[in-house]
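Undergrad: could you look at this predicted model? Sequence included:
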Amino acid sequence: MLYELLYSSVSTRNMQVNELLSLLHQARDKNARLGVTGLQLYRQCEFMQAIEGEEKVIRSLWNTIRFDERHFSARVIYEGLLQKRGFANWSMGFQDFAEVNTANLNGYSSFLEKGFTSETVAENPSTARRLMETVSEFIFDR
């Protein structure tokens, strides 16, 4: 059965573009081997990521991710069964919000200004999930 997990975390430091791209390529390689797809957003030291695949694989991957020393405050926003992949086109899609004029996104809301790790995200998991879906339509894939 397909399973998805959406989480947020804070990087231990502001990551440079080359570091983010290196992380992206590592994730893509690993995810391709595991049959995992997803999308990762980065904004001012904050990550929000959706991963999807077989439940056992996703739970195992989460146990690795949450203990990664490059970030802290990793917390699940949403998890559950999935009828079909939402990010099937990417072993890992990525967008750095520093490069996006968020006001130009269809359906823009101030939700984006509060940060991925705020209580607002935790209290509105469906809004966070819709944000990921909206962003996936505008991604500047690398």
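TA: Thanks, I have the structure now.

Undergrad: what's the neighbour count on the nearest residue to residue 79 once chain neighbours are set aside?
TA: Using C-beta to C-beta, 6 or more residues apart in numbering and skipping the chain neighbours, the partner closest in space to residue 79 is residue 5 (4.3 Å). Where you see a C-beta, it was placed from the backbone N, CA and C, and this is true even at glycine. Neighbourhood size, residue 5 [other C-beta atoms under 10 Å]: 22.

Undergrad: part of a helix, is residue 5?
TA: No - using DSSP: H, G, I helix; E, B strand; the rest coil, the secondary structure at residue 5 is strand, not a helix.

Undergrad: didn't it look like it was pressed against residue 53?
TA: No - contact criterion C-beta atoms under 8 Å: residue 5 and residue 53 do not qualify, at 9.4 Å.

Undergrad: next, the contact list for residue 5, please.
TA: 50-52, 58-59, 62, 76, 78-79 (C-beta atoms under 8 Å, 6 or more residues apart in numbering).

Undergrad: residue 58 and residue 3 touch, don't they?
TA: Yes - with contact taken as C-beta under 8 Å, residue 58 and residue 3 are classed as touching, separated by 4.8 Å.

Undergrad: residues that sit against both of those two, list them.
TA: 52, 79.

Undergrad: so for those two, which sits in the more crowded spot?
TA: More crowded of residue 58 and residue 3, by other C-beta under 10 Å: residue 58, with 22 against 17.

Undergrad: list the contacts of the more buried one.
TA: 3-5, 36, 51-52, 79.

Undergrad: in CSV, list those residues along with pLDDT and distance to residue 44.
TA: Formatted as CSV, the contacts of residue 58 follow (pLDDT from 0 to 100; distance: C-beta to C-beta, whole Å):
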residue, pLDDT, distance to residue 44
3, 97, 29
4, 94, 25
5, 95, 23
36, 95, 26
51, 94, 22
52, 95, 25
79, 92, 25
